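Visitor: 3D model of this:
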Amino acid sequence: MTDPVYDPIAAFAATLAGHGVTDIVISPGSRSTPLSIAFHARPDLRTTIHLDERSAGFFALGQARATGRPSVLICTSGTAAANYLPAMVEANHAGLPLIVCTADRPPELRGWGAGQTIDQVGIYGTNTRWFADLPVPSDWTEAAASMAAMRAMALATGPRRGPVHLNWPLREPLEPVGAVPVPEPIVPRRDSHANFQLAEDPLGDLTELEKGVIIVGPDVAPGIDAQHQVSDWILRFAESVAWPIFAEPISQLRRGHHHGEEYVMNAADHLCKHVTVDSLRPDVVVRLGASPTTKPVRRWLERVKPEHVVLIDQEQRWHDASFTATEHHTVSPVTALGRARRLGSGVRNRSEWLDAWWDLDDIASKTVDRLIADGPRLSARVTREFVDALPDEAVVMTSNSMPVRDLDSFLANGGPNTTFVGNRGASGIDGIVSTGLGLAASQDGPVVVYTGDLALLHDLTGLASAVRLGLHLTIVCIDNDGGGIFSMLPIAQGDRGVDFETLFRTPHGVDLAGLDGFAGIRATTLGEHDSVRDAVSAAISVVEPGVDLLIVPVDRDADVAQRRSIAEAVGEALAR
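Guide: Okay, here's the model as predicted:
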């Protein structure tokens, strides 16, 4: 028996499965019944149910970060679709593939006050690689539905990766008329993705220049495995040209390497605040990945104004808000660096230029090490202690605001093969826990979320989902009762006639330990003399689903003072 509604949807699902989709994230609803049933019926697709669409969106985004493949999001009509917007914004700016299928009323019911009906046409604005308001399935063919799936997959995962939105108008009855069709996967006959590699060497003879720097930002490749592979290529390239690497932890270049790791500066964030001598002005800078997270690296690049700034940008993101790039190449890092090594590099693995950076990095690193070791337990020491407790193959989902910057500033290079990720597309604090759950659902190692208290409170629905989804998270939360990052802004300094506490720092007064026992959360507050290393080691060894929440109270004012004293001490040490 044919089903005019379910047959096209089943063909759409079969095509996505044949093209590599493995995960479906569904939020319950009525209007989306045909989508939910048709996708869930496929044994080759893994279905995850999320009660809250905002959390669901970030969960799917976490899966895409881990695998490089798009997950399919399915929701009902109305404000359910609107709640995907924050995740869609992040996916757009980070270049992460998602395929969003929103159910909608059919055209004849739009604009007439039908329940749960809003204007969903183009609801995500410019944040999609493709949007289509599809025909009612009964007016469509299976071949057309299959072609839509191919197009969605190609545009979500093509040269400019990102989210796709398909709006599905569905008429009642919404139930299948018989057995739900489950056609065989529809696989591509050949790889139809366009190849945007360059025939020539994008770095040309620039590798002959001695004074070069490699800057590596977030999202240098799609998926965790691909990021680690690219990081190895970057290290081998650095070895062949003797250029220092400025890389933040979420570039995957700061931990777990055995060859070339000495080329990665341990204290680039600190060095870029203070190095001003003309002899350390590079002739060429090669930029890989998205924009660097920390402001000192960006401002250093603006200040030194190298003659050549080469932006290797496979995803065509054009991330250069400083407008320093002199060249832009749409090519993969592996292609660019591999050709540079073959076509004229291998010219040096040591130079006075590199020695000078190594010497400065050693001075800065030792200064930071001493002040952290001698100081109180604040964000800097917590950052080191929790990372030092992690085993090989652990994944750290890092919140925005201070945690991602603290890792860059205070993490010591080397050690186990830890993967660091963060939502640096739009850089918001929403969906951090849910993204961590998506990562936990997509890889085998332990996942630790490193966050502040505001970001944690922002995603309580994510916290409540872990047990129901059969997943485990360890969360290390720096609790300074409010927005600590704002204390680093000029507006926080001096008497400016501004109610800084109310408007910016926003203390919430919530005792996070009160979450203990809620929805499988095991909350522990660590006192001044409790070992962060021991607590993290114990938490990641837990096998039952749930959240082990480790709350580390930190005095906001002392934290700000230590950051400033470290910066001043590094500056003084480098000036000697």
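Visitor: At which residues are the strands of the stretch 101-250 of the chain located?
Guide: For the stretch 101-250 of the chain, applying DSSP state E, counting those that start in this stretch gives strands covering 130-133, 163-169, 212-216, 245-247.
Visitor: Return the most buried member of these.
Guide: Greatest average neighbour count among those goes to strand 245-247 (a mean of 28), per mean count of other C-beta atoms under 10 Å. Glycine gets a C-beta too; all of them are placed from N, C-alpha and C.
Visitor: Mind giving me the packing neighbours of that one?
Guide: Under the contact criterion of 3 or more C-beta pairs under 8 Å, 6 or more residues apart in numbering; DSSP states H and E, strand 245-247 touches strand 212-216, helix 224-241, helix 268-274.
Visitor: so the longest one versus strand 212-216, what angle?
Guide: It refers to helix 224-241. Here the directions of helix 224-241 and strand 212-216 differ by 170 degrees (axes from the mean of the first three to the mean of the last three C-alpha atoms, to 10 degrees).
Visitor: ok so, going back, would you reformat the helices and strands packed on strand 245-247 as JSON lines and include distance to E175?
Guide: Putting the helices and strands packed on strand 245-247 into JSON lines (distance: least, C-beta to C-beta, whole Å) gives the following:
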{"stretch": "strand 212-216", "distance to E175": "52"}
{"stretch": "helix 224-241", "distance to E175": "40"}
{"stretch": "helix 268-274", "distance to E175": "58"}
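Visitor: neighbours of S279, just the number please.
Guide: 9 (other C-beta atoms under 10 Å).
Visitor: next one: R468
Guide: Considering only other C-beta under 10 Å, R468 is surrounded by 14 other residues.
Visitor: same check, this time on M150
Guide: As a measure of burial, M150 has 17 neighbours, counting by other C-beta under 10 Å.
Visitor: excluding its backbone neighbours, what's nearest it?
Guide: T15 (6.0 Å; C-beta to C-beta, 6 or more residues apart in numbering).
Visitor: Please compute how far whichever strand or helix holds that neighbour lies from its chain's middle.
Guide: Assigned by DSSP states H and E, T15 belongs to helix 6-18. The chain centre lies 29 Å from the centre of helix 6-18; the measure is C-alpha atoms, centre = their mean, to the nearest Å.
Visitor: So, low pLDDT: which residues of the stretch 101-250 of the chain?
Guide: Residues of the stretch 101-250 of the chain that meet the criterion pLDDT under 70 lie in 189-200.
Visitor: go with 50
Guide: Applying pLDDT under 50 to the stretch 101-250 of the chain picks out residues 190-199.
Visitor: Tally up the residues packed near the closest residue to Y263 other than its chain neighbours, please.
Guide: Setting aside the residues directly before and after it, Y263 is nearest to A238 in space (C-beta to C-beta, 6+ apart), at 4.0 Å. A238 has 27 neighbours, counted by other C-beta under 10 Å.
Visitor: My guess is A238 contacts L253. True?
Guide: No: at 9.5 Å, A238 does not count as touching L253 under the criterion of C-beta atoms under 8 Å.
Visitor: Now do the shared contacts for the two.
Guide: 245, 264 (C-beta atoms under 8 Å, 6 or more residues apart in numbering).
Visitor: about what we covered before: out of the helices and strands packed on strand 245-247, deepest packed?
Guide: When the helices and strands packed on strand 245-247 are compared using mean count of other C-beta under 10 Å, strand 212-216 is most buried, at a mean of 26.
Visitor: Show me how the chain divides into domains.
Guide: For the chain, automatic domain parsing gives the domain ranges 6-169, 204-355, 375-575.
Visitor: quick one: which of those domains is nearest V182?
Guide: Closest approach to V182 among the domains of the chain (C-beta to C-beta): domain 6-169, 5.2 Å.
Visitor: before we move on, back to that, tell me the spacing between the residue nearest to Y263 and G113.
Guide: In this view, A238 and G113 are 63 Å apart by C-beta to C-beta, to the nearest Å.
Visitor: Repeat that for P159.
Guide: Per C-beta to C-beta, P159 is found 43 Å from G113.
Visitor: How about A80?
Guide: A80 sits 18 Å away from G113, going by C-beta to C-beta.
Visitor: Compare the two (neighbour count), which wins?
Guide: A80 (24 against 6).
Visitor: How about that one, nearest residue that isn't a chain neighbour?
Guide: E53 (5.0 Å).
Visitor: which residues touch stretch 274-281?
Guide: So stretch 274-281 is contacted by 211, 300, 303-304, 306, 356-357, 360, 570-571, 574-575 (C-beta under 8 Å, 6+ apart).
Visitor: how about a cut-off of 10 Å?
Guide: With contact meaning C-beta atoms under 10 Å, 6 or more residues apart in numbering, stretch 274-281 is reached by 211, 213, 244, 268, 271, 296, 300, 303-307, 352-353, 356-357, 360, 364, 567-568, 570-575.
Visitor: Contacts only, for the closest residue to P4 other than its chain neighbours.
Guide: Leaving aside its chain neighbours, P4 sits nearest to S138 (4.0 Å; criterion: C-beta to C-beta, 6+ apart). Residues near S138 by C-beta under 10 Å, 6+ apart: 3-8, 106, 170-171.
Visitor: Would you mind giving the residues you listed as TSV with neighbour count and distance to R522 added?
Guide: Shown next, in TSV, are those (neighbours: other C-beta atoms under 10 Å; distance: C-beta to C-beta, whole Å):
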residue	neighbour count	distance to R522
D3	20	47
P4	12	50
V5	22	45
Y6	26	43
D7	20	47
P8	28	46
P106	17	47
L170	24	42
R171	17	47
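Visitor: Out of the residues you listed, which comes closest to T435?
Guide: Closest to T435, out of all of these and judged by C-beta to C-beta, is L170, at 29.5 Å.
Visitor: what separates the closest one from T48, distance-wise?
Guide: Taken as C-beta to C-beta, the span from L170 to T48 is 22 Å.
Visitor: mind listing the strands for the stretch 251-400 of the chain?
Guide: With DSSP E, counting those that start in this stretch as the criterion, the stretch 251-400 of the chain has strands spanning 284-288, 308-312, 327-329, 395-398.
Visitor: Determine how far the third one lies from the middle of the whole chain.
Guide: With C-alpha atoms, centre = their mean as the basis, strand 327-329 stands 24 Å off its chain's centre.
Visitor: Do me a favour and average the pLDDT over it.
Guide: In this model, strand 327-329 has a mean pLDDT of 87.
Visitor: quick one: contacts of it?
Guide: Residues from elsewhere that reach strand 327-329, judged by C-beta under 10 Å, 6+ apart: 196-198, 200-204, 206, 284, 286-287, 308-314, 316, 318, 320, 335-336.
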